[in-house]
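Peer 1: Please work out how this folds:
(one chain, ligands or ions: 4)
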Amino acid sequence: MYVDLHCHSHYSDGAQTPEYLVSAAFERGLSHLALTDHDCLCGIEQLWRNAPEDANLADKPGWRELNLIAGVEISCDWNGLEIHVVGLLRELNSPALVTLLSEQQHQRRQRAAAIAAKLDAIGVSGASDYLAALPATALTRSHIADFLVESGTCKNKQKAFKSHLGRRGKAYVAAKWASLDQAVNAIQATGGIAVLAHPSRYPLTRSKLSRLIGDFSAAGGEAMEVSYANLDPIAKKRLLELASEHSLFYSCGSDFHTLDSQWTALGKYPRLEPSAIKNAIWEHPRWHSIVSAGRSVYAPPSQDSES
Ligand code: AMP
Ligand code: MN
Ligand code: MN
Ligand code: MN
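Peer 2: Ligands and ions are numbered 1, 2, ... in the order given. You can find the predicted model right below:
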């Protein structure tokens with residue numbers, strides 16, 4: 001079992017196509033991949049649409065199977081803080097989820113337009129045209145940070161967030177995100193599992209983080225990420241403790257966005273220790289129904305295994 005349950009394509013703020021992610025997943029030897037674009041499903045819809053009907057692996061000695069799980073990463077508001085909830089979904093056409101995501105995408109378009117207007121007002125023009133030319137269905141501040149770097153306004157993305165796009169930035173605009181309850185309910189309505197994303201990345205004290213996890217669990221959240229890129233061993237141990245205290249299953253994923261980042265690659269995160277496997281998300285009672293509702297894609301034996 002080698003899963004990556006958190007990554008992005010160019011339909012949100014990733015740089016790559018969904019098809020690229022599939023080939024990278026094969027290269028890495030993953031067994032399960034969940035594409036979890038911000039507030040949109042078009043990447044996974046495309047992969048599912050183009051996945052072959054069931055292939056009989058018995059006819060294909062040495063061929064490898066990759067399970068494609070439908071996923072999404074929903075931005076939520078929790079007491080004024082932006083929290084991300086990953087959904088591992090059983091189906092794509094559930095009305096509650098479709099309605100919620102279309103509202104989130106609307107919020108994203110409105111916020112992007114408002115940020116572009118603020119940039120215009122301080123003499124940085126061209127953001128709207130830049131955004132309009134992107135393949136993204138979910139517009140993010142990450143795209144606008146790219147624009148600020150490419151237009152020579154900011155040195156790098158970190159600086160673009162600090163000076164322009166972050167809470168104290170010149171062009172900051174808040175968005176009205178779904179509540180934790182709304183996001184978790186919409187995920188569960190598909191038969192899916194709600195996963196609290198990258199808990200150590202929120203600007204929260206230990207006790208506030210514990211309160212967030214309690215609220216997430218009370219809303220019906222059933223899992224949380226305990227392993228992802230750039231997580232140090234002490235933080236990981238703390239997350240395992242918090243997840244256990246709140247009886248949440250453990251999820252893992254790279255949060256891969258782009259090849260430009262030296263720190264992330266698809267499938268790259270500290271693997272769960274054998275003692276943690278009993279609480280891994282693939283032990284969740286609905287895991288198999290989620291995987292079997294997904295699609296599989298296949299690849300011939302790799303060069304290495306032939307030799
Ligand atoms: P949004 O969901 O529109 O607020 O955009 C947030 C996205 O921007 C996140 O998912 C990250 O991929 C990216 N991001 C957030 N903060 C930073 C940062 N300081 N530097 C680079 N990328 C960031
Ligand atoms: Mn992102
Ligand atoms: Mn996130
Ligand atoms: Mn993410």
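Peer 1: CA atoms for contacts and neighbours, from now on please.
Peer 2: OK.
Peer 1: and residue 71, what element?
Peer 2: strand 64-78 (DSSP states H and E).
Peer 1: ok, now residue 288?
Peer 2: Using DSSP H and E, the element containing residue 288 is helix 287-293.
Peer 1: do the same with residue 183
Peer 2: Secondary structure assignment for residue 183, by DSSP H and E: helix 180-189.
Peer 1: Spatially nearest residue to residue 178 (excluding sequence neighbours)?
Peer 2: residue 76 (4.9 Å; CA to CA, 6 or more residues apart in numbering).
Peer 1: was I right about that neighbour contacting residue 177?
Peer 2: Yes - if you go by CA atoms under 8 Å, residue 76 and residue 177 touch, sitting 5.0 Å apart.
Peer 1: Any regions of the stretch 1-150 of the chain where pLDDT drops low?
Peer 2: Along the stretch 1-150 of the chain, segments meeting pLDDT under 70 are nowhere present.
Peer 1: next one: the helix holding residue 183 to chain centre, how far?
Peer 2: 16 Å (CA atoms, centre = their mean, to the nearest Å).
Peer 1: Return the list of helices and strands in contact with that helix.
Peer 2: Secondary-structure packing of helix 180-189 (3 or more CA pairs under 8 Å, 6 or more residues apart in numbering; DSSP states H and E): strand 64-78, strand 81-89, helix 95-121, strand 193-196.
Peer 1: In the stretch 101-250 of the chain, what residue comes closest to ligand 1?
Peer 2: The stretch 101-250 of the chain approaches ligand 1 most closely through residue 140 (3.2 Å), counting by CA to the nearest ligand atom.
Peer 1: How about the contacts made by that residue?
Peer 2: For residue 140, the contacting residues are 12, 13, 108, 112, by CA atoms under 8 Å, 6 or more residues apart in numbering.
Peer 1: Name the member of the residues you listed with the most neighbours.
Peer 2: Neighbour counts for the contacts of residue 140, by other CA atoms under 10 Å, peak at residue 12, which reaches 27 neighbours.
Peer 1: Kindly indicate whether that residue is helix, strand or coil.
Peer 2: The local conformation at residue 12, judged by DSSP: H, G, I helix; E, B strand; the rest coil, is coil.
Peer 1: ok, residue 227 touching residue 251?
Peer 2: Yes - Residue 227 lies in contact with residue 251 (CA under 8 Å); the separation is 7.0 Å.
Peer 1: between those two, what contacts are shared?
Peer 2: Counting by CA under 8 Å, 6+ apart, no residue touches both residue 227 and residue 251.
Peer 1: what are the phi and psi values for residue 277?
Peer 2: Taking degrees, to the nearest 10, you get phi -60, psi -30 for the backbone angles of residue 277.
Peer 1: follow-up on the earlier one: out of the helices and strands packed on helix 180-189, the one nearest residue 205 is which?
Peer 2: strand 81-89 (13.0 Å; CA to CA).
Peer 1: just to revisit the earlier point, mind putting the contacts of residue 140 into a markdown table with distance to ligand 1?
Peer 2: Listed next are the contacts of residue 140 as a markdown table, based on distance: CA to the nearest ligand atom, whole Å:
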| residue | distance to ligand 1 |
| --- | --- |
| 12 | 9 |
| 13 | 6 |
| 108 | 7 |
| 112 | 8 |
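Peer 1: wait, what's in contact with residue 88?
Peer 2: Listed by CA under 8 Å, 6+ apart, the contact set of residue 88 reads 34, 69, 70, 71, 72, 187, 192, 193, 194, 195, 290.
Peer 1: For ChimeraX, what selects the buried ones among those?
Peer 2: Selecting only the buried entries of the contacts of residue 88 in ChimeraX, with 16 or more other CA atoms under 10 Å as the criterion:
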select :34,69,70,71,72,187,192,193,194,195,290
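Peer 1: same for ligand 1: which of the contacts of residue 88 are within range?
Peer 2: The subset of the contacts of residue 88 within reach of ligand 1, by CA under 6 Å from any ligand atom, is empty.
Peer 1: of the contacts of residue 88, closest to residue 164?
Peer 2: Checking those against residue 164 with CA to CA, the nearest one is residue 72 at 26.8 Å.
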